[in-house]
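S.K.: Generate coordinates for the sequence data below:
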Amino acid sequence: MRQFWITRLLRQASGQGVMEYIIISGLIGIFCLGMVKQFGSVLQTRLEHMKATIAKEIK
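M.R.: Numbers count the residues shown, from 1 in each chain. Okay, the predicted model is just below:
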C-alpha cells in the first residue's frame, strides 16, 4: 500500500514537487546534524578549557 502511494506520488506533477521538498529537507537535516556534531566537539573543548582555567585560578 505504501509503495503504491509513493509510486503514484512520483508520477503526478504536483507529487514531484512534494518529493523535491522532501529530498531537500532531508539533505538540510543531514547537513544540520553534521554541523551540530562538528560544533559540538568545538564547544566541548572550549568548555573544558574554561573549566580548567577556572579551577587553576581558584587554587
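
S.K.: shaky segments in the chain?
M.R.: Filtered on pLDDT under 70, the chain yields the residue ranges 1-3, 5-6, 9-15.

S.K.: how does it look with 80?
M.R.: Scanning the chain for pLDDT under 80 picks out 1-17, 59.

S.K.: what does stretch 46-59 rub up against?
M.R.: For stretch 46-59, contacts defined as C-beta atoms under 8 Å, 6 or more residues apart in numbering pick out no residues. For every residue, glycine as well, the C-beta is placed using N, CA and C.

S.K.: Convert that stretch to PDB, retaining C-alpha atoms only.
M.R.: As requested, the backbone C-alpha atoms of stretch 46-59 are provided in PDB (Å, rounded to 0.1, in the frame of the first residue of the first chain):
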ATOM      1  CA  ARG A  46      36.200  25.300  24.900                       C
ATOM      2  CA  LEU A  47      34.100  24.500  27.900                       C
ATOM      3  CA  GLU A  48      36.800  22.100  29.200                       C
ATOM      4  CA  HIS A  49      39.400  24.800  28.700                       C
ATOM      5  CA  MET A  50      37.300  27.300  30.600                       C
ATOM      6  CA  LYS A  51      36.700  24.800  33.400                       C
ATOM      7  CA  ALA A  52      40.400  24.100  33.700                       C
ATOM      8  CA  THR A  53      41.300  27.800  33.800                       C
ATOM      9  CA  ILE A  54      38.700  28.500  36.500                       C
ATOM     10  CA  ALA A  55      39.900  25.500  38.600                       C
ATOM     11  CA  LYS A  56      43.500  26.700  38.200                       C
ATOM     12  CA  GLU A  57      42.600  30.300  39.300                       C
ATOM     13  CA  ILE A  58      40.700  29.000  42.400                       C
ATOM     14  CA  LYS A  59      43.700  27.000  43.600                       C
END
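
S.K.: Just give me how far it sits from the chain centre.
M.R.: 31 Å (C-alpha atoms, centre = their mean, to the nearest Å).
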